[in-house]
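S.K.: requesting a structural model of the entry that follows:
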Amino acid sequence: MEIQKKQGYLNNISLLRVFAILIVVLGHSMVVYQYNWGIYTPLIKSSFFNTLKTYIDIFQMPLFIFISGYMYYYCRKECGKYKNAGKFSFDKTKRLLVPYICVAIFYVLPIRMLTSYKGYSGNNTLEVIYKYILTGLDSGHLWYLLAIFEIFIVFYLFEPIINKIGTPASFIIIACANIISYKFPHLFQIANSIHYFMFFYLGYIIRKNERVFAYEFKGKKNIIIIISTFILQFIFLIMSLKISNNNLICTLSKNSVYLFSNISSAIFYFLALSTISSKYKSLNSSKTLKFLDKESYAIYLFHSPLIYIMLKYIANEDISPFIVVPSFFVIILFGSLGISYVIKKTQVLKFIIGASNTKKHSTIST
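M.R.: Residues are numbered from 1 along each chain as shown. The predicted structure follows:
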């Protein structure tokens with residue numbers, strides 16, 4: 001019989017979530033130096049930050065989705081939540097879709113319009129809302145909210161079937177969907193939802209089998225797996241970069257190898273940070289860590305558009321990338337925290353970020 005317990009923070013996931021959001025902020029701080037970005041072209045290019053951003057991209061968002069799948073299993077199977085489909089859908093709508101609409105229209109859109117964002121050129125405000133925001137075709141970093149909402153709902157509906165088929169078969173089917181996801185429409189972030197569904201399921205099965213893994217792979221075996229996944233992520237990344245997109249076979253091969261890189265990196269960071277969390281207990285009680293964990297969602301919501309404001313004025317300036325990137329990181333991190341603070345202090349605006357008045361339970365260690 002399943003024993004229900006109150007939901008709380010898992011120390012390893014708390015550390016992983018903080019790491020993930022800081023990596024997202026860091027990645028966006030250097031995105032202007034990524035050769036294929038194309039929105040702003042800096043006067044000074046940087047091969048170092050282009051390479052670093054290429055590496056960060058293999059685990060930046062997969063890690064976020066992985067955490068969602070991991071926590072979904074924990075909440076649903078171990079804490080007895082999500083039993084009512086209607087309530088589950090309503091809660092996810094309030095938590096994800098309401099912030100998506102509010103932040104996109106009242107925050108992302110004005111900033112992009114004021115900074116002459118190229119993607120919205122030639123369209124008035126209403127046209128942008130209709131063509132790009134409501135359809136999810138271009139709402140900036142907020143695509144994640146739309147995609148993860150769809151992943152939650154679809155997984156909830158098909159979870160019994162997925163579990164009935166079994167992990168190996170389900171993993172293969174979902175992996176194949178990831179590889180061909182680029183063929184699906186981008187409308188409402190359908191392609192991204194299919195693409196990232198793999199990492200949600202990966203987090204789900206890792207939590208499901210975590211006790212078995214912890215028993216079988218401990219001590220030296222754990223270290224060997226961490227080192228192996230660390231090396232494999234680079235091997236698969238380099239292999240994927242060397243494969244062209246000349247034809248269908250090459251594209252599918254490239255996507256397959258890149259997926260192995262994604263999976264290796266997600267498992268590596270999960271294992272590495274879980275080991276750190278377990279070994280250094282004092283880290284789990286860090287007030288800074290707990291604060292950043294609590295604010296991670298708000299940081300994600302508000303950090304990215306701040307970059308456009310700064311880029312408008314410095315993109316064509318002769319400034320070292322090694323000054324720009326750290327400066328951007330600090331400014332957008334603390335800027336998003338400041339915006340979150342103001343909103344949370346204003347009761348009438350708290351719904352914008354899906355804030356809840358429910359008190360969180362104490363941290364649970366794994």
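
S.K.: following the longest helix anywhere in the chain, which helix or strand comes up?
M.R.: If you go by DSSP state H, the chain has its longest helix at helix 248-279. Using DSSP states H and E, the helix or strand that directly follows helix 248-279 along the chain is helix 281-284.

S.K.: tell me which residues of that next one come out buried.
M.R.: Buried residues in helix 281-284, counting neighbours by 16 or more other C-beta atoms under 10 Å, are found at 283-284. (C-beta placed from N, C-alpha, C; glycine too.)

S.K.: off-centre distance for the longest helix of the chain?
M.R.: Between the centre of helix 248-279 and the centre of its chain there are 14 Å (C-alpha atoms, centre = their mean, to the nearest Å).

S.K.: buried residues in that helix?
M.R.: Quick answer for helix 248-279 (16+ other C-beta under 10 Å): 251, 253-274, 277-278.

S.K.: other SSEs contacting that helix?
M.R.: Where contact means 3 or more C-beta pairs under 8 Å, 6 or more residues apart in numbering; DSSP states H and E, helix 248-279 is packed against helix 11-29, helix 60-73, helix 167-179, helix 190-208, helix 220-242, helix 281-284.

S.K.: what about those, which gets the closest to residue 97?
M.R.: helix 190-208 (13.5 Å; C-beta to C-beta).

S.K.: tell me the mean pLDDT for the closest one?
M.R.: The average pLDDT for helix 190-208 rounds to 97.

S.K.: what about stretch 274-289, start to end distance?
M.R.: End-to-end span of stretch 274-289 (C-alpha to C-alpha, to the nearest Å): 14 Å.

S.K.: state the pLDDT value of residue 213.
M.R.: 76.

S.K.: then it would be within a helix, right?
M.R.: Yes: judged by DSSP: H, G, I helix; E, B strand; the rest coil, residue 213 forms part of a helix.

S.K.: that one: what's it in contact with?
M.R.: residue 206 (C-beta atoms under 8 Å, 6 or more residues apart in numbering).

S.K.: let's go with 10 Å and repeat that
M.R.: Residue 213 is in contact with 206, 221-222, 225, 271, counting by C-beta atoms under 10 Å, 6 or more residues apart in numbering.

S.K.: among those residues, which ones are buried?
M.R.: For the contacts of residue 213, buried by 16+ other C-beta under 10 Å: 206, 222, 225, 271.

S.K.: tell me the confidence at residue 26?
M.R.: As predicted, residue 26 sits at a pLDDT of 96.

S.K.: got it, and residue 161?
M.R.: pLDDT, residue 161: 96.

S.K.: residue 135 contacts residue 104, correct?
M.R.: No: the pair residue 135 / residue 104 is not scored as a contact, 11.3 Å apart, by C-beta atoms under 10 Å.

S.K.: any common contacting residues for those two?
M.R.: 129, 146.

S.K.: give me the below-cutoff pLDDT ranges for the stretch 251-366 of the chain.
M.R.: Applying pLDDT under 70 to the stretch 251-366 of the chain flags residues 348, 354-366.

S.K.: quick check: residue 45 is in a helix.
M.R.: No: with three-state DSSP as the criterion, residue 45 is located in coil rather than a helix.

S.K.: thought it was touching residue 35?
M.R.: Yes: using C-beta under 10 Å, residue 45 is in contact with residue 35, at 7.5 Å.

S.K.: hey, what's in contact with both of the two?
M.R.: If you check residue 45 and residue 35 against C-beta under 10 Å, 6+ apart, no residue is contacted by both.

S.K.: more neighbours: which of residue 135 and residue 104?
M.R.: Ranked by neighbour count (other C-beta atoms under 10 Å), residue 135 and residue 104 place residue 104 first, with 27 against 15.

S.K.: per-residue pLDDT, that one?
M.R.: Per-residue pLDDT puts residue 104 at 95.

S.K.: and it, how close does it get to residue 85?
M.R.: Remark: distance between residue 104 and residue 85 (C-beta to C-beta, to the nearest Å) = 26 Å.

S.K.: now do residue 63
M.R.: Counting by C-beta to C-beta, the gap from residue 63 to residue 85 is 28 Å.

S.K.: between the two, tell me which one has more neighbours.
M.R.: Shown here are residue 63 and residue 85; by other C-beta under 10 Å, residue 63 has more neighbours (25 against 11).

S.K.: residues contacting the more buried one?
M.R.: Going by C-beta under 10 Å, 6+ apart, residue 63 touches 16-17, 19-21, 23-24, 199, 203, 262, 265-266, 269-270, 273.

S.K.: rewinding a little: between all of the contacts of residue 213, which two are separated the most?
M.R.: The widest separation within the contacts of residue 213 (C-beta to C-beta) is 16.1 Å, between 206 and 221.

S.K.: leaving out chain neighbours, which residue sits closest to residue 92?
M.R.: residue 152 (5.2 Å; C-beta to C-beta, 6 or more residues apart in numbering).

S.K.: touching, that neighbour and residue 85? I think so.
M.R.: No: using C-beta under 10 Å, residue 152 makes no contact with residue 85, being 11.3 Å away.

S.K.: just give the closest residue to residue 270, not the sequence neighbours.
M.R.: Nearest residue to residue 270, sequence neighbours excluded (C-beta to C-beta, 6+ apart): residue 16, at 6.3 Å.

S.K.: next one: the one you found from residue 76, what distance?
M.R.: Distance, residue 16 to residue 76, using C-beta to C-beta: 19 Å.

S.K.: swap in residue 123?
M.R.: For residue 123 relative to residue 76 (C-beta to C-beta), the value is 41 Å.
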